[in-house]
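> sharing a sequence plus its predicted fold:
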Amino acid sequence: MLEIHQFPCLADNYGFLLHDPASGETAAIDTPDGGEYLRQAEARGWRITQIWNTHWHPDHAGGNAAIVAAIGATVSAPQEVERISPIDRVVGNGDIVTLGEWEARVIDVSGHTNGHIAYHLPEAGIAFVGDSVFALGCGRMFEGEPRQFWDSLSRIKALPPETVLYCAHEYTQANAKFALHADPDNALLRAYARDVDRKRERGEATVPTDLALELITNPFLRADSDDLRDRWGGDTPAETFARLRAAKDSF
C-alpha cells in the first residue's frame, strides 16, 4: 500500500510525501519548502525520486530547485511551473504519471491559476488537489474565469465520493465561517464546523477531507444546488459560483 506522510510547511501549507514501499519511490507533492521536504524524507528513510507540482505558485513549486540539486528528483508539472523551475515532463489533463506500479491521472482544475492540475490515484482512492478546492472552500480565482473554475470543480465533484482529498492549506476554520454565512440552514455544515473547531483547539489537522462530506457542506461545490442558487442568485451554477467567490473575497 502507498504511504502518505503529511507535515506542516511555511505558515499554513501542508507538505505531502507519497511513498511506494514496493518500488522504494517517493514523490513530493508540491514543494513549499525544499529543505523541510528533504529533512522529512530523510527522517523516514525515504529518498525523493519525483516531484509532482500542481501549479506554479512559489509555495507549491519554490522548493523544486533545492530538492533537485540535493538528490536529482525528476519534476512532472504543468507548463506554467516553468515560470520558476525547470520541468522534466510537462503534464496536463488526461496524462498519467506513475509511482512504481501506481498510476495517477492528471485532471485540469484551472481557475486559481490557468494551468492548475490535480493528481487522482483511483486505485488508492485519493487525490492531491493543491489550491483548487479546500476543506469547506476553494482557491482564490487569481487567473481564471468563473465558468472555467466551476468546470474544474465539476471534475472534482465527479470523482468517486469516497475519494480522500489532500488540499494544500490549513484554511478550514476560516472557510467554515464563510460557509456558514453562505449556507446558514445546512445542519451538516454546522456540525462539520463544530468538529473543525474542536480539532483546531486540540492542534489537529483538518486535512485531508472526504469528497462525500464536501459535496454536502462546501458551498463552492454546491453552487449547482437550489438552496445556494435561491440565496445567492445566478442563472447558471457558474454564475452562482462567481457570486459566492466574490463574496468570499470580501468576507
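Thanks, I have it. Predicted model only: the values in this text are computed from it and were never measured.
> so where does residue 229 fall, helix or strand?
Taking DSSP states H and E as the definition, one finds residue 229 inside helix 226-232.
> which positions within the helix or strand just after that helix qualify as buried?
Going down the chain from helix 226-232, the next helix or strand is helix 237-249, by DSSP H and E. For helix 237-249, burial by neighbour count (16 or more other C-beta atoms under 10 Å) applies to 237, 238, 239, 240, 241, 242, 243, 244, 245, 248. The C-beta positions use only the backbone N, C-alpha and C, and glycine is treated the same way.
> residues in contact with helix 237-249?
The contact list for helix 237-249, computed with C-beta atoms under 8 Å, 6 or more residues apart in numbering, reads 137-138, 140-141, 146-147, 149-151, 153-154, 178, 181-182, 219-220, 223-224, 228-229, 232-234.
> of these, grab the buried ones for ChimeraX.
What follows is the ChimeraX syntax selecting those of the contacts of helix 237-249 that are buried according to 16+ other C-beta under 10 Å:
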select :137,138,141,146,149,150,151,153,154,178,182,219,220,223,224,228,229,232,234
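> may I have the phi/psi pair for residue 52?
phi -120, psi 110 (degrees, to the nearest 10).
> using CSV, list the CA coordinates for the lengthiest helix in the chain.
Counting by DSSP state H, the longest helix found in the chain is helix 187-201. Output of helix 187-201 as CSV, limited to C-alpha atoms (Å, rounded to 0.1, in the frame of the first residue of the first chain):
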residue,chain,number,x,y,z
ALA,A,187,-27.3,21.4,9.5
LEU,A,188,-24.5,19.1,8.4
LEU,A,189,-22.3,22.1,7.7
ARG,A,190,-22.9,23.4,11.2
ALA,A,191,-21.9,20.0,12.7
TYR,A,192,-18.8,19.9,10.5
ALA,A,193,-17.8,23.4,11.6
ARG,A,194,-18.1,22.5,15.2
ASP,A,195,-15.9,19.4,14.6
VAL,A,196,-13.3,21.7,12.9
ASP,A,197,-13.2,24.0,15.9
ARG,A,198,-12.7,21.0,18.2
LYS,A,199,-9.9,19.7,16.1
ARG,A,200,-8.1,23.0,15.9
GLU,A,201,-8.4,23.5,19.7
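> quick one: list the elements packing against it.
Secondary-structure packing of helix 187-201 (3 or more C-beta pairs under 8 Å, 6 or more residues apart in numbering; DSSP states H and E): helix 172-182, helix 211-217.
> reformat those as CSV; add mean pLDDT.
Formatted as CSV, the helices and strands packed on helix 187-201 follow (pLDDT from 0 to 100):
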stretch, mean pLDDT
helix 172-182, 98
helix 211-217, 98
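> which one of those lies closest to residue 159?
helix 211-217 (5.9 Å; C-beta to C-beta).
> give me the buried positions along the longest helix of the chain.
Those would be 189, 190, 192, 193, 196, for helix 187-201 by 16+ other C-beta under 10 Å.
> now swap in stretch 4-18 and tell me
The neighbour-count check on stretch 4-18 (16+ other C-beta under 10 Å) flags 4, 7, 9, 13, 14, 15, 16, 17, 18 as buried.
> now it: average pLDDT?
Mean per-residue pLDDT for stretch 4-18: 97.
> end to end, how far does that stretch reach?
5 Å (C-alpha to C-alpha, to the nearest Å).
> starting at the chain centroid, how far to that stretch?
Taking the mean of its C-alpha atoms, stretch 4-18 sits 12 Å from the chain's own mean (C-alpha atoms, centre = their mean, to the nearest Å).
> which outside residues touch that stretch?
2-3, 19, 26-33, 36-37, 40-41, 44, 46, 48, 52, 59, 99, 126, 128, 166-171, 205, 207-208.
> any idea how many residues pack against the closest residue to residue 197 other than its chain neighbours?
Closest residue to residue 197 in three dimensions, ignoring its sequence neighbours and counting by C-beta to C-beta, 6 or more residues apart in numbering: residue 173, at 6.7 Å. Neighbourhood size, residue 173 [other C-beta atoms under 10 Å]: 16.
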